[in-house]
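Participant: mind looking at a prediction? Sequence and model below.
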Amino acid sequence: MKKVILAGLLCFLAFFSKAQTAQLDKEKLFDFYQSQRYAEAASYLKSLYSDDISDLKILSQMAYSYMMSANLPEAEKIYEQINQLQPNTIGTLFNLASINMRRGVRTKTVAYLKQILALDSNNFNAYKQLANYLDSPVLKLKYLERANRINPAEGDVAYDLADLYKTEKEYEKGYNVLQKAISADTGNFILQEALLPLAIQLKKYKEVISIGEKLLSNEASPNVIRDVGKAYFFLKDYEKCIFYYKIMEKLNAQNENILYFMTLSYRELKKYDLAIAYAKKTIDEAISPNTAFYHNTLGNLYENKNQLTNAMSAFKRGLTFGNEKDILYSIAVLYDTKLNQPANALNYYKQYLKSKELKEMDKAQVEYAKQRVVWLSAPHKQ
């Protein structure tokens, strides 16, 4: 705001030096601007000049005064007059775009910004404003990419472009965009925090920890704690993962994903009671298609502790959320290998093999299930 006011005052100094009317009280007008009484400045200028004035400097000051006083209709009217007297001036077009953006007039805003780009195809601010204003992800990406090519060091554009790349799962592109902007502003914590989830997707776990722990020395951001904890999990440092995710619990910032990572961490540490407790918390937290999967994990944990009744209960509870192939397989194996109920095992193996969700990665389980169906269906089993 101070820059805008200063720019206005400088314009006025130039205006004062060239004004040809004795009516103008320069000190009075300067005082209006210095005290940010823009509406009074606009009224004062309006009282001095007729409606058919064509002096561009006077018109510019009147338009500026109206715009700064939030009288946008009057400001637009005068800027349009200036645009007719002196067409294709980029500053005037930006002012018209800004006024229409503030008033929500989308078609005019976009038209003025595109007119600027027709005059200057490398105008960074026009690309940036278009990207911020448009809802279309395709067009937003197009304009952000162009703005970023012109000025890769500008943090706002780099952040928005990287976020869009993350949404599109273009993780490496987003990472590279942020790296360039960070190299130009090494103290920008916002850009560094935005880099972490992209680095995780690229398996740069040590980098996530290095950057994340420095960021945490400045502020205990839940997003950073989440990403650092996840990086430790993938590096198989389960104690550190739990340490950070316990902080998330204290901040009441846990979610099903965090609770599930805690479940897996306790499982890997063979702390099955805690793993079961967190599997239950995960299920309670979950409102997602993964609920059946979480019940399957809980059932497997009970099976590891040889609590077979609880395991079967968890598996069958999971089936109420969807006919999940892995649960069907788990139930079949439990009936087959530990509960000695071949008829039930055969039933669930067959259900598993009929699943439409089977993929190439399930090949080993499918082959085993087929072998067990043949064996359990043999005459000696009747």
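Facilitator: Noted; the coordinates are in hand. Numbering: from 1, shown residues only.

Participant: show me what the helix or strand hosting residue 165 packs onto, helices and strands only.
Facilitator: Taking DSSP states H and E as the definition, one finds residue 165 inside helix 155-167. Counting contacts by 3 or more CB pairs under 8 Å, 6 or more residues apart in numbering; DSSP states H and E, helix 155-167 is packed against helix 124-133, helix 137-150, helix 171-184, helix 189-201. Placement of C-beta: from N, CA and C, glycine included.

Participant: excluding sequence neighbours, find me the nearest residue to the residue nearest in space to the middle of the chain.
Facilitator: Centroid-nearest residue in the chain, with CA atoms, centre = their mean: residue 163, separated by 5.0 Å. Excluding the flanking residues, the one nearest residue 163 by CB to CB, 6 or more residues apart in numbering is residue 194, at 6.9 Å.

Participant: quick one, what contacts residue 218?
Facilitator: Contacts for residue 218 were tallied using CB atoms under 8 Å, 6 or more residues apart in numbering; they are residue 189.

Participant: and it, helix, strand or coil?
Facilitator: coil (DSSP: H, G, I helix; E, B strand; the rest coil).

Participant: tell me how far it lies from residue 163.
Facilitator: Distance, residue 218 to residue 163, using CB to CB, to the nearest Å: 21 Å.

Participant: just to revisit the earlier point, what's the separation between the residue nearest to residue 163 and residue 359?
Facilitator: 33 Å.

Participant: before we move on, what about residue 342?
Facilitator: For residue 342, the distance to residue 359 equals 27 Å [CB to CB].

Participant: returning to that earlier point: my guess is the residue nearest to residue 163 contacts residue 161. True?
Facilitator: No. Residue 194 is beyond contact range of residue 161, at 10.4 Å (criterion: CB atoms under 8 Å).

Participant: can you classify residue 335 as helix, strand or coil?
Facilitator: What three-state DSSP gives for residue 335 is helix.

Participant: right, and it touches residue 344 too?
Facilitator: Yes. If you go by CB under 8 Å, residue 335 and residue 344 touch, sitting 4.3 Å apart.

Participant: and residue 277, what helix or strand is that in?
Facilitator: Going by DSSP H and E, residue 277 is part of helix 272-285.

Participant: quick check: buried residues in the next helix or strand after that helix?
Facilitator: Downstream of helix 272-285, the first helix or strand assigned by DSSP H and E is helix 291-304. For helix 291-304, a neighbour-count test (16 or more other CB atoms under 10 Å) marks 291-303 as buried.

Participant: mind putting these into TSV with pLDDT and distance to residue 245?
Facilitator: Listed next are these as TSV, based on pLDDT from 0 to 100; distance: CB to CB, whole Å:
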residue	pLDDT	distance to residue 245
291	84	20
292	85	23
293	86	19
294	89	16
295	90	21
296	91	21
297	93	16
298	94	18
299	94	23
300	93	21
301	95	18
302	94	22
303	93	25
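
Participant: tell me which two in those are the farthest apart.
Facilitator: 291 and 303 (18.9 Å; CB to CB).

Participant: picking up where we left off before, which residues does the residue nearest to residue 163 contact?
Facilitator: Residue 194 sits next to 159, 162-163, 178 when contact means CB under 8 Å, 6+ apart.

Participant: likewise residue 137?
Facilitator: 164, 167-168.
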